[in-house]
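Undergrad: Sequence first, then the predicted structure:
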Amino acid sequence: MEPVKTHTFNGRKYLITVSPLLDGVCDTYKKEREIIIMAPLETKAGLITVVHEAMHALAWKTSENKIDKDSKELGTFLWRLGYRRIR
C-alpha cells in the first residue's frame, strides 16, 4: 500500500508526513499546509493522533481542548470497532 502523501480537508490541501515519534502537528498557517503524524500508526495512540490532526485540518478554529477531547473519543471508538493500519 502506497503511503498517503497529501490529503484535502475542506478544500485545503495538506502535505502528510509520518514519523515514528509520539505526537502530531497540523500547520494551517503556512502557504504549503502540512500534517505531521509523529506516532506509530499501528497503535491506538497513533490512531488518536491521526484523528486529532485531521480534526485540526477540518476545524482549525476549534479549541485544542475540544479537539483533544473529541479525537480521543472518536479514536477510541474506531479502535474498539477494530480499525487498524494495514501494512
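TA: Received the coordinates, thanks. Numbering: from 1, shown residues only.
Undergrad: what does the lengthiest strand in the chain contact?
TA: The longest strand of the chain (DSSP state E) is strand 12-19. Contact partners of strand 12-19, identified using C-beta atoms under 8 Å, 6 or more residues apart in numbering, comprise 3-8, 26, 28, 32-38, 41, 57. (C-beta placed from N, C-alpha, C; glycine too.)
Undergrad: Now with 10 Å, please.
TA: 3-8, 24-28, 30, 32-41, 46, 49-50, 53-54, 56-58, 60, 85 (C-beta atoms under 10 Å, 6 or more residues apart in numbering).
Undergrad: what are the pairing partners of it, and which direction each?
TA: Sheet partners assigned to strand 12-19 using DSSP bridges are listed as strand 6-9 (antiparallel), strand 34-38 (parallel).
Undergrad: would CSV of those strands with mean neighbour count, distance to Glu64 and mean pLDDT be doable?
TA: Listed next are those as CSV, based on neighbours: other C-beta atoms under 10 Å; distance: least, C-beta to C-beta, whole Å; pLDDT from 0 to 100:
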stretch, mean neighbour count, distance to Glu64, mean pLDDT
strand 6-9, 13, 17, 85
strand 34-38, 20, 15, 84
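Undergrad: Buried residues, stretch 74-81. List them.
TA: Using 16 or more other C-beta atoms under 10 Å as the test for burial, stretch 74-81 gives Leu74, Gly75, Leu78, Trp79.
Undergrad: Verify the stated contact: Tyr83 with Leu47.
TA: Yes - with contact defined as C-beta atoms under 10 Å, Tyr83 counts as touching Leu47 (6.6 Å).
Undergrad: quick one: common contacting residues for those two?
TA: Joint contacts of Tyr83 and Leu47 (C-beta under 10 Å, 6+ apart) are Gly75.
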